[in-house]
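Novice: Here's my sequence, what's the structure:
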Amino acid sequence: MVNLVDTPGHVDFSGKVTRALRAIDGAIIVVDAVEGVMAQTESVIRSAIKERVKPVLFVNKIDRLIRELKLSPIAIQDRLTQIIQDVNKVIAFASKDDDTIEWKVGTDTNTVAFGSALHKWAFTVDLMQKADLQFQNIIESYQDDSVERLSQILPIHQPILDMIIDRLPSPKNAQKNRVGFIWKGDITSPAGLALRQCEREGPLIIAITNVVAESKHGLVAVGRLFSGTIRRGTQIRIFPSDKLHKVQRVTLFMGSRQVVIPSLTAGNICGIIGLDEVKPGDTITGQHFLEGMVPFEEITYLSEAVVTIAIEPHHTKDLPRLLTFVEDLTKSDPNLVFSVNEQTGENLLSGLGLLHLEIALKDIEAAGILVHASDPIVLYRETLTSSYTHPKKNPSPNNKNAVRISVQFQDERKALESVWQADSRGNTLISLVDFDNSPDVKAAIVDGFNWAMERGPLCSEPVGMTLVCIKELEVSSDINERSRVELMSMVRDAIFLGFEKAKITLLEPIYNLEVIVPKEFQRATVNVIKSKRGQLEDVEFRGDWVTITGVIPVAESFDLADVLRSSTAGKAVWQTKFSRWEIVPEQRATSIVSDIKKRRGLL
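Specialist: Numbers count the residues shown, from 1 in each chain. Below you'll find the predicted structure:
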């Protein structure tokens, strides 16, 4: 049996690709013959290599080279050779630190197929030779309108299945090599041996990669079964919790359908009904303790939520349903973030981009909940442009405790000593004071730091790229005078006072942009990028086409599709991908802060 997982190619759904890679052992990388290897293709290949998922290549839309671009056989061959070389460059770079990976693709190893999914034909070099055909025969099929015959001689499923069966590893072989990279436990322990052996009689171990909210079944947890057999009625744990959950049903995905089955064994992808508390990235084990068991490595996403919309139900009575459904939606897609604005009461849904949010809105409406959605807004972060060190200790509200700190901007997180806390937004708390023997004090200090980083003093946006250092700390010996609230307030107030003394500003999200256009539209495309406060990074010519790469602020990207289409007669192909956070130009920061305060009801 072959478990196939289809993932979207658009960068807004890169999280789905990242989660799917944990569940599979081999990947079919699909590249457009016209667009070639784009930024998202490179990201997917790098992620696959990191997860030790072996790739093969399918070059799609060969028909466009013949019918639209009308390339000669020699030009087509050069184009396809260039695509294979580009893919292998990415594979080589991604695997440069591991000499054991020899996964370059090529026609000589039958790890590359060419075809047209639209017209349902494809081939590898071996299949072409067995059919006694040459590429000229394919060109002639389009010239004499006999393409349908191609799908009978060279059916698309044949080379795909051949590559999967002959060139991609079985679960048993793959897990021996993968486990050491996606699981950081002792591979010689009982848990490690079970993961490497992939035996149906082994202890139950599942990596949850997705959670699907369905009207019929409720929440369905989807995961890779690395060891053991799962059955209806099995008692399982969401590791490391001791709480037991009973499997109500086991399902197997057959396309868009789910088939309820009695059991499923190691190496497969299963659906589990009966786990309401589970989320993607969780590790599932059997009810009995397994020596050496630790969770799977955390799934690392390449992008983050940078665009937000406010949503309200058409009918007030639907609000509880909306909140419940969105909660389930964020479980199934951790790249979606839901929050409620405390000042305005708005329900805010954040995603990787406009398309990501549009699909989420369609999911909500498909559940029978009609909603109003606001215009999209960009998420900003507050940060510092200078540093400040308090000259004296700042007291707690009851004047029984005190702390002296320094605050400063940190462009990138470096190796630091005595780190008490580090969050996903690049904020770090370090301490020159040793309080490891007072865990309650340390925990309260960390909570105060997190509180301060959650909403900054400028306009209540989250804080990013900030380093806070505790220089001195004075804590009352009376436990009643050093309550958690007193210490949290003390730390937050000291941080905010430091922000006021230092210069505080905004960070804005930046997209990488890649545009492929005919050469005659190069200047028009460059002008569009510059008009969007963008910067050019590279221009590469390939035949009659040019690839332009650069960066633009996310705030300037909302109408990018319309502007690029009108400026290039609809011939531009482009892709954006989250790159980094940058400080907002000073002349723009003031008006943005004012707009945020008005929206939040702070003015």
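Novice: For the residue lying farthest from the centre of the chain, give me its contacts.
Specialist: Distance from the C-alpha centroid of the chain, by Cα atoms, centre = their mean, peaks at D478 (46.8 Å). The contact partners of D478, taken as Cβ atoms under 8 Å, 6 or more residues apart in numbering, are K400. Where you see a C-beta, it was placed from the backbone N, CA and C, and this is true even at glycine.
Novice: Can we start the residue count at 26 from this point?
Specialist: In the new count, where the first residue is 26, that last one comes out as D503.
Novice: And it, how close does it get to I116?
Specialist: 62 Å (Cβ to Cβ, to the nearest Å).
Novice: So for S412, what's the nearest residue that isn't a sequence neighbour?
Specialist: Q433 (3.5 Å; Cβ to Cβ, 6 or more residues apart in numbering).
Novice: what's around the one you found, how many residues?
Specialist: 17 (other Cβ atoms under 10 Å).
Novice: So it lies in a strand, does it not?
Specialist: Yes - counting by DSSP: H, G, I helix; E, B strand; the rest coil, Q433 is part of a strand.
Novice: who's it bridged to?
Specialist: L492 (DSSP bridges).
Novice: my guess is it meets M490, correct?
Specialist: No - counting by Cβ atoms under 8 Å, Q433 stays clear of M490, with 9.8 Å between them.
Novice: Please save the CA atoms from the helix or strand containing I261 in CSV.
Specialist: Per DSSP states H and E, I261 falls inside strand 260-264. Presented in CSV, the C-alpha positions along strand 260-264 are these (Å, rounded to 0.1, in the frame of the first residue of the first chain):
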residue,chain,number,x,y,z
GLN,A,260,-5.9,3.0,25.3
ILE,A,261,-3.3,5.7,24.4
ARG,A,262,-1.5,8.7,25.9
ILE,A,263,-0.6,12.1,24.5
PHE,A,264,3.0,11.8,25.7
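Novice: Show residues contacting that strand.
Specialist: Under Cβ under 8 Å, 6+ apart, the answer for strand 260-264 is 229, 231, 255, 268-272, 297, 300, 302-303, 307-312, 318, 320.
Novice: Now do the buried residues in the helix or strand following it.
Specialist: Following strand 260-264 in sequence order, the next helix or strand is strand 269-271 (DSSP H and E). Residues of strand 269-271 classed as buried: H270 (neighbour count, 16 or more other Cβ atoms under 10 Å).
Novice: Could you chop this protein up by domain?
Specialist: Annotated domains of the chain cover 51-193, 198-311, 332-404, 411-527, 532-613 [automatic domain parsing].
Novice: Figure out how far the third one is from the centre of its chain.
Specialist: Same thing as domain 332-404. 19 Å (Cα atoms, centre = their mean, to the nearest Å).
Novice: What's the mean pLDDT across that domain?
Specialist: Taken as a whole, domain 332-404 has a mean pLDDT of 88.
Novice: gap between the closest residue to I495 other than its chain neighbours and S502?
Specialist: The shortest distance from I495 to any non-neighbouring residue, by Cβ to Cβ, 6+ apart, is to S456 (4.0 Å). In this view, S456 and S502 are 19 Å apart by Cβ to Cβ.
Novice: Compare the two (neighbour count), which wins?
Specialist: Remark: of S456 and S502, S456 carries more neighbours, 22 against 7, as counted by other Cβ under 10 Å.
Novice: From what I see, that one and E442 are in contact.
Specialist: No - taking contacts as Cβ under 8 Å, S456 lies outside contact range of E442: 9.6 Å.
Novice: Check F314 and give its pLDDT.
Specialist: pLDDT, read off for F314, is 83.
Novice: wait, what's in contact with E60?
Specialist: I541, V598.
Novice: In terms of helices and strands, where is it?
Specialist: Counting by DSSP H and E, E60 is part of no helix or strand.
Novice: Next: F474.
Specialist: helix 464-479.
Novice: just checking, what packs against that helix?
Specialist: Judged by 3 or more Cβ pairs under 8 Å, 6 or more residues apart in numbering; DSSP states H and E, the packing partners of helix 464-479 are strand 444-447, strand 453-456, strand 491-499, helix 509-526.
Novice: pLDDT score for G205?
Specialist: The per-residue pLDDT of G205 was computed as 86.
Novice: Check the burial of it by counting its neighbours.
Specialist: 15.
Novice: any chance you could read off phi and psi for it?
Specialist: phi -70, psi -10 (degrees, to the nearest 10).
Novice: which residues of the stretch 26-175 of the chain fall in helices?
Specialist: Residue ranges of the helices in the stretch 26-175 of the chain, as given by DSSP state H, counting those that start in this stretch, are 39-48, 64-75, 87-92, 98-119, 150-155, 160-168, 172-178.
Novice: Deepest-packed of these, please.
Specialist: Mean neighbour count (mean count of other Cβ atoms under 10 Å) peaks for helix 39-48 among these, with a mean of 23.
Novice: how far is that helix from where the chain is centred?
Specialist: 8 Å.
Novice: and it, average pLDDT?
Specialist: Here the average pLDDT along helix 39-48 is 83.
Novice: what does stretch 152-171 give?
Specialist: On average, stretch 152-171 scores 90.
Novice: Next: stretch 243-253.
Specialist: For stretch 243-253, mean pLDDT is 89.
Novice: List the buried residues for it?
Specialist: Across stretch 243-253, burial judged by 16+ other Cβ under 10 Å covers L244, V245, A246, V247, G248, R249, L250, F251, S252, G253.
Novice: Farthest pair within these?
Specialist: Using Cβ to Cβ, the pair of those lying farthest apart is L244 and S252, separated by 23.4 Å.
Novice: Bridging across strands, which residues link to I535?
Specialist: According to DSSP bridges, beta-bridge pairing links I535 with P578, R605.
Novice: what sits against it?
Specialist: Here I535 is in contact with V576, I577, P578, V579, F603, S604, R605, W606, E607 (criterion: Cβ under 8 Å, 6+ apart).
Novice: how about a cut-off of 10 Å?
Specialist: 331, 558-560, 576-582, 601, 603-607 (Cβ atoms under 10 Å, 6 or more residues apart in numbering).
Novice: Can I get the buried part of those residues as one ChimeraX selection?
Specialist: Buried members of the contacts of I535, defined by 16+ other Cβ under 10 Å, are picked up in ChimeraX with:
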select :331,559,576,577,578,579,580,581,582,601,603,604,606
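Novice: how near is K557 to P482?
Specialist: 30 Å.
Novice: Ok, A527 next?
Specialist: 11 Å.
Novice: out of these two, which sits in the busier spot?
Specialist: Neighbours per residue (other Cβ under 10 Å) separate A527 from P482, with A527 holding more: 19 against 16.
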